[in-house]
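Peer 1: have a look; sequence and predicted model below, questions after that.
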Amino acid sequence: MSSENLSDTQMEYEDEKQDSQEKNANLVKGEEVKLKAKYPGLGQKPGGSDFLMKRLQKGQKYFDSGDYNMAKAKMKNKQLPVAGPDKNLVTGDHIPTPQDLPQRRSSLVTSKLAG
Amino acid sequence: MAGTGGGSNDVQWCFSQVKGAIDDDVAEADIISTVEFNHSGELLATGDKGGRVVIFQQEIENKSQPQCRSEYNVYSTFQSHEPEFDYLKSLEIEEKINKIRWLPQKNAAQFLLSTNDKTIKLWKISERDKRLEGYNLKEEDGRCIDPNTVTALRVPVFRPMDLMVEASPRRVFANAHTYHINSISINSDHETYLSADDLRINLWHQEITDRSFNIVDIKPVNMEELTEVITAAEFHPNQCNTFVYSSSKGSIRLCDMRASALCDKHSKLFEEPEDPSNRSFFSEIISSISDVKFSHNGRYMMTRDYLSVKIWDLNMETRPVETFQVHEYLRSKLCSLYENDCIFDKFECCWNGNDSVVMTGSYNNFFRMFDRGQRWDVTLEASRESSKPRQVLKPRKVCAGGKRKKDEISVDSLDFNKKILHTAWHPQDNIIAVATTNNLYIFQDKVN
């Protein structure tokens, strides 16, 4: 950007703006370095597909029929386990039943805002 | 009281009311997820994570005096959405109310649209202050009378009763969104509305629930090529053919429904070019727009990204006309904000009645106001400590580094769990509603 026609004060302002922008960029770069140091394997496409995919898949709960059948075969001689300690575990050896699925009952209690 | 004074310089904000429980142990269901005034400002609706809607009504203390204190009291509360499980897709559907939008009032009843991730519902809120008495075939308690025992006929009459406010679902608009709904917006034509999810925008008629038109579809053929999602959408306040949608990449597209049936091709693209030397891992994440709102006069729109609020003139696509820094001091904390997921928080923003001041939330229960004309800004706090009746709010200041002055709070002491994501401004007066995690604060302009 040509600075020939700018007055002194205008040039000072532009310099200052550039300075603070550089400072901002340095602050952010510093944060990036910190993050990369903690997580060296962090994806090549930051803020791109990975985090978008996570956003689109919110709420997904997976049920694996293979796991289910394997566990059922294992459990043939034993009692079926009652709801596991971790209610969210619906795969692996734990055989999920409809009762085990995280029962998120609606709030039949009136909102405290109306109290 | 009307927003003619405008400038945050002359307005003194005072505590008016706070709603919600005092205890620190917040149940997830009580987390407030949306706040919205209706078109007259008489009603204030809130939605929460538990799928409930609470509506407050303004009651003027002294109707004869033009400038008088008013209070918002509970008017109606109902369960809008319930949790669901989509067995076909193995998808858990939260009952959390993402947005509430009021319909312009056409008759005695009030109507609002409320939406969760998948389903939009039209609710009718009506008052009943009379009931019929004197039925011929029914006792007062509802038991049926044997017709054979009736010897005379009488005409049922209306008798006054205690005011009852009833909410009933009039329409359910379901099964139109594969992805999660983030916005609904009512058209100025008073007939249609749009709903937007991460990849698509649909146009509905308010009366028709079994059909909706897809007007924007940004889903790529190959999902691996996905680079951006829709984050918010809104209809223009008076041009019924125009709407905008914002993206996770920081751009806003304005579309004209007269141009074609499918508005994949935008009429205008608003994007501020980024200096390539400033590019970092965080650039795209912090440029993601979390909210877009047209000004009341329809000449401007405001966008909120992680660190700033930008005002755009609809006639200029190259850059915003004003940029306000909300909490610039967080730039040096992006690493930890990424780790604790706060960098993905979606803050909303709002205009005052005459478009002279804008407001948005921040952390530590702080919220910010920016006066466009006088270039003034202020940081205020919603807290129980400053909640004595009519107590004037004291401006707060965050110290970014170096020597901390008295009354300032340092960046490291900020509570990032106390976020103000949702705020609303009365359409005419200087009355604001600010939602903390589970409390709703109402502040008003100081009355003489």
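Peer 2: Right, received. Where do you want to start? Model, not experiment: these values are computed from the prediction. Numbers count the residues shown, from 1 in each chain, chains lettered A, B, ... in the order given.
Peer 1: identify the residues contacting the nearest residue to B:Ile186 once chain neighbours are set aside.
Peer 2: Distances taken as C-beta to C-beta, 6 or more residues apart in numbering or on different chains place B:Tyr193 nearest to B:Ile186, at 4.6 Å, with adjacent residues excluded. Every residue, glycine included, has its C-beta placed from N, CA and C. Contact analysis of B:Tyr193 by C-beta atoms under 8 Å, 6 or more residues apart in numbering or on different chains lists B:Arg101, B:Leu113, B:Ile184, B:Ser185, B:Ile186, B:Asn187, B:Leu203, B:Trp204, B:Gln206, B:Phe235.
Peer 1: return the set of buried residues in the longest helix seen in chain A.
Peer 2: Longest helix of chain A, by residue count under DSSP state H: helix A:8-38. For helix A:8-38, the neighbour count (16 or more other C-beta atoms under 10 Å in any protein chain shown) marks A:Asn24, A:Ala25, A:Leu27, A:Val28, A:Lys29, A:Glu31, A:Glu32, A:Lys34, A:Leu35 as buried.
Peer 1: same check on stretch B:121-128?
Peer 2: Quick answer for stretch B:121-128 (16+ other C-beta under 10 Å): B:Lys121, B:Leu122, B:Trp123, B:Ile125.
Peer 1: quick check: the two most widely separated of those residues?
Peer 2: Maximum pairwise distance in these, criterion C-beta to C-beta, is 12.3 Å, between B:Lys121 and B:Ile125.
Peer 1: how about the longest helix of chain A and chain B, touching?
Peer 2: Yes. Helix A:8-38 reaches chain B (C-beta under 8 Å from any C-beta of the partner chain) through A:21, A:24-25, A:27-32, A:34-36, A:38.
Peer 1: let's verify B:Leu112: helix, strand, or coil?
Peer 2: Three-state call for B:Leu112 (DSSP: H, G, I helix; E, B strand; the rest coil): strand.
Peer 1: B:Asp197 against B:Ile184, yeah?
Peer 2: No. Using C-beta atoms under 8 Å, B:Asp197 is not in contact with B:Ile184, being 10.6 Å away.
Peer 1: show me the shaky parts of chain A.
Peer 2: Applying pLDDT under 70 to chain A flags residues A:1-7, A:9-10, A:13-14, A:43-49, A:63, A:68, A:75-108.
Peer 1: now with 80, please.
Peer 2: In the predicted model of chain A, residues A:1-22, A:40-51, A:59-109, A:115 satisfy pLDDT under 80.
Peer 1: can you map out the helices along it?
Peer 2: Using DSSP H, helices in chain A cover A:8-38, A:49-56, A:65-74.
Peer 1: longest single strand anywhere in chain B?
Peer 2: Scanning chain B for the longest strand, with DSSP state E as the assignment, gives strand B:157-173.
Peer 1: which helices and strands sit right next to the next helix or strand after that one?
Peer 2: Downstream of strand B:157-173, the next assigned helix or strand under DSSP states H and E is strand B:183-186. In terms of contacts (3 or more C-beta pairs under 8 Å, 6 or more residues apart in numbering or on different chains; DSSP states H and E), strand B:183-186 is packed against strand B:99-102, strand B:110-115, strand B:192-196, strand B:230-235.
Peer 1: TSV for the ones you listed, including distance to B:Lys418?
Peer 2: Below are the helices and strands packed on strand B:183-186 laid out as TSV (distance: least, C-beta to C-beta, whole Å):
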stretch	distance to B:Lys418
strand B:99-102	22
strand B:110-115	26
strand B:192-196	29
strand B:230-235	23
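Peer 1: ok, B:Leu203 to chain A distance?
Peer 2: 22 Å (C-beta to the nearest C-beta, to the nearest Å).
Peer 1: what about that residue, how many neighbours?
Peer 2: Residues within reach of B:Leu203, counting by other C-beta atoms under 10 Å in any protein chain shown, total 19.
Peer 1: specify the beta-bridge partners of it.
Peer 2: Beta-bridge pairing of B:Leu203 under DSSP bridges involves B:Leu194, B:Phe213.
Peer 1: which residues touch it?
Peer 2: With contact set as C-beta under 8 Å, 6+ apart, B:Leu203 has these partners: B:Thr192, B:Tyr193, B:Leu194, B:Ser212, B:Phe213, B:Asn214, B:Ile215, B:Met257.
Peer 1: and what about the residue nearest to B:Phe282 when sequence neighbours are not counted, helix, strand or coil?
Peer 2: Excluding its sequence neighbours, the residue lying closest to B:Phe282 (C-beta to C-beta, 6+ apart) is B:Leu334, at 4.9 Å. Secondary structure for B:Leu334, judged by three-state DSSP, is helix.
Peer 1: can you check the pLDDT for B:Gln325?
Peer 2: For B:Gln325, the model assigns a pLDDT of 96.
Peer 1: what number of residues are in the vicinity of the residue lying closest to it once chain neighbours are set aside?
Peer 2: In space, and not counting its chain neighbours, B:Gln325 is closest to B:Ser308: 5.4 Å by C-beta to C-beta, 6+ apart. Residues lying near B:Ser308 (other C-beta under 10 Å) number 17.
Peer 1: per-residue pLDDT, B:Ser308?
Peer 2: On the pLDDT scale, B:Ser308 gets 97.
Peer 1: contacts only, for residue 34.
Peer 2: By default, I'm working from chain A. By C-beta under 8 Å, 6+ apart, the contact set of A:Lys34 is B:Cys335.
Peer 1: chain B is the one I meant
Peer 2: B:Ala45, B:Thr46, B:Gly47, B:Ile97, B:Asn98, B:Lys99, B:Ile100, B:His422.
Peer 1: one more time with 10 Å, if that's ok
Peer 2: Listed by C-beta atoms under 10 Å, 6 or more residues apart in numbering or on different chains, the contact partners of B:Thr34 are B:45-48, B:53, B:96-101, B:114-115, B:348, B:421-422, B:424, B:435.
Peer 1: shared neighbours, B:Asp197 and B:Ile184?
Peer 2: Common contacts of B:Asp197 and B:Ile184 (C-beta under 10 Å, 6+ apart): B:Ala233.
Peer 1: mind telling me which residue of the stretch 1-150 of chain B is nearest chain A?
Peer 2: Relative to chain A, the nearest point of the stretch 1-150 of chain B is B:Gly50 (3.6 Å; C-beta to the nearest C-beta).
Peer 1: what about that residue, which helix or strand?
Peer 2: Secondary structure assigned from DSSP H and E places B:Gly50 in neither a helix nor a strand.
Peer 1: and the helices in chain B?
Peer 2: Assigned by DSSP H, chain B shows helices spanning B:283-287, B:334-339.
Peer 1: in the longest one, which residues are buried?
Peer 2: Of the residues in helix B:334-339, those buried under the neighbour-count criterion (16+ other C-beta under 10 Å) are B:Leu334, B:Cys335, B:Ser336, B:Leu337, B:Tyr338.
Peer 1: OK, contacts around the residue nearest to the fourth one when sequence neighbours are not counted?
Peer 2: The shortest distance from B:Leu337 to any non-neighbouring residue, by C-beta to C-beta, 6+ apart, is to B:Ile343 (4.4 Å). Residues counted as contacts of B:Ile343 (C-beta under 10 Å, 6+ apart) are A:47, B:282, B:285-286, B:288, B:306-307, B:330, B:333-337.
Peer 1: and B:Ile55, by the same measure?
Peer 2: A:113-114, B:36, B:38, B:43-46, B:72, B:74-78, B:100, B:102, B:110, B:112, B:123, B:125, B:165, B:167.
Peer 1: any idea how far it lies from B:Gln110?
Peer 2: Using C-beta to C-beta, to the nearest Å, B:Ile55 is found at 8 Å from B:Gln110.
Peer 1: so what sits against both of the two?
Peer 2: Taking C-beta under 10 Å, 6+ apart as the contact criterion, the common neighbours of B:Ile55 and B:Gln110 are B:Asn38, B:Leu43, B:Ala45, B:Tyr75, B:Ser76, B:Trp102, B:Trp123, B:Ile125, B:Val165, B:Ala167.
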